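Peer 1: task: produce atomic coordinates for the following.
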Amino acid sequence: MLAPALLLLLSLQPATPAPTEKPEVVDKRINELRKAKNWAAVADELEALPQKQRLERSYFWLESLERSGRWARLLEVCEVTVLLGKPGSNPFLTHFKGKALSELGRHAEALAWFCEGGKKGDITAYLEASNEAQALSDWKTLLEIAEVLVDRYPTSGAYLGLKGQALAKLGRYDDAELALNESVHLVPKGAMNWADLACCYNEHGKYQEAYDAAAQAVALDPRLMEGLCNRGRACFGLKRYKEGRDDYATALALNPQDAAIVRNLKLNISMADKFLAHRETKASKRPSGKL
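Peer 2: Numbering: from 1, shown residues only. Next comes the predicted model:
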């Protein structure tokens, strides 16, 4: 029985070997296709080359598979490249394999892979790991990643924002508020950080501060669900039900795919309608002034 590594290596061999061409001719054709951003054609060109020539052009091969969306093939090639010892410690291999795992819906594996790359000193791997942690709602791991990044870059508003987001999701609102306040001071155009800060203020019953922070988020990104929802919640706290209803209705019109979010938005809209109807009924029953 053939060893797994050999089986994988054989699977990368083209079915029909291409005629031998001078390397400069091959490279010229590939470079022209890359300039034209014809990634499917680049991938096809490289797939037709003998194994040795493809491995000599590993980056272009992996890049073309990524940009043409051939995720299963990209993962297969990455795994064989690792077994061959090519380029075992290169950050680009960390990126390509992790991206393939992510696009194939294997987020837990992608998270572990990127974290391993981060531990080896690849800072961009930690950034990609943070995306996977968010996709998995793994706030504990996101906090661990953010703390590594903040420790290395203590004045980075973006990394402080990640830390604040993770702390808020874990219900540690006091710590989150501190991190997010510092984050928006350093990066005032970070819409999500403003939205997360608004969430913290709402949790502490600071509804005017929450409204102001959420308004900043919505001004920066009018379609930001978190900004709209936190402003709507702040409006409810301030008894400004009509404004709150409008924010929730706008958020619902964004057509969120999460059924729980849709239910929550509809519930809040219904609550606003009841408050507004009750207020209107009370107003109509007030005695009119004497003529």
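
Peer 1: which sections of the stretch 151-291 of the chain are below the confidence cut-off?
Peer 2: Within the stretch 151-291 of the chain, the stretches with pLDDT under 70 are 286-291.

Peer 1: phi, psi of residue 239?
Peer 2: Dihedral angles of residue 239 (phi, psi; degrees, to the nearest 10) stand at phi 60, psi 30.

Peer 1: distance-wise, check it relative to residue 205.
Peer 2: Separation of residue 239 from residue 205 (CB to CB, to the nearest Å): 13 Å. In short, each C-beta sits where N, CA and C put it, glycine included.

Peer 1: what touches both of these two?
Peer 2: The contact sets of residue 239 and residue 205 do not overlap (CB atoms under 8 Å, 6 or more residues apart in numbering).

Peer 1: the stretch 101-250 of the chain: helices as residue ranges?
Peer 2: 107-119, 123-135, 139-152, 157-169, 173-186, 191-203, 207-220, 225-237, 241-253 (DSSP state H, counting those that start in this stretch).

Peer 1: give me the contact list for the third one.
Peer 2: With CB under 8 Å, 6+ apart as the contact definition, helix 139-152 has outside contacts at 111, 115, 118, 123, 126-127, 129-130, 133-134, 156, 159-160, 162-163, 165-167, 169-170.

Peer 1: what of the last one?
Peer 2: Taking CB under 8 Å, 6+ apart as the criterion, the residues outside helix 241-253 that touch it are 218, 225, 228-229, 231-236, 262, 265-266, 268-269, 272-273, 275-276, 279.

Peer 1: mind redoing it with 6 Å?
Peer 2: Residues outside helix 241-253 that contact it (CB atoms under 6 Å, 6 or more residues apart in numbering): 225, 228-229, 231-232, 235-236, 265, 268-269, 272, 275-276.

Peer 1: helices or strands next to the helix or strand just after that helix in the packing?
Peer 2: Downstream of helix 241-253, the next assigned helix or strand under DSSP states H and E is helix 259-285. Applying 3 or more CB pairs under 6 Å, 6 or more residues apart in numbering; DSSP states H and E, one finds that helix 259-285 contacts helix 241-253.

Peer 1: rewinding a little: by neighbour count, which of the contacts of helix 241-253 wins?
Peer 2: The member of the contacts of helix 241-253 surrounded by the most neighbours (other CB atoms under 10 Å) is residue 231, with 31 neighbours in all.

Peer 1: how about it, nearest residue that isn't a chain neighbour?
Peer 2: Leaving aside its sequence neighbours, residue 231 sits nearest to residue 214 (CB to CB, 6 or more residues apart in numbering; 3.5 Å).

Peer 1: quick one: contacts for the one you found?
Peer 2: By CB under 6 Å, 6+ apart, the neighbours of residue 214 are 198, 227, 230, 231, 234.

Peer 1: also residue 168?
Peer 2: For residue 168, the contacting residues are 176, 196, 199, 200, by CB under 6 Å, 6+ apart.

Peer 1: tally of neighbours for the residue nearest to it when sequence neighbours are not counted?
Peer 2: Once flanking residues are discounted, residue 168 sits nearest to residue 176: 4.0 Å by CB to CB, 6+ apart. Residue 176 is flanked by 24 other residues according to other CB under 10 Å.
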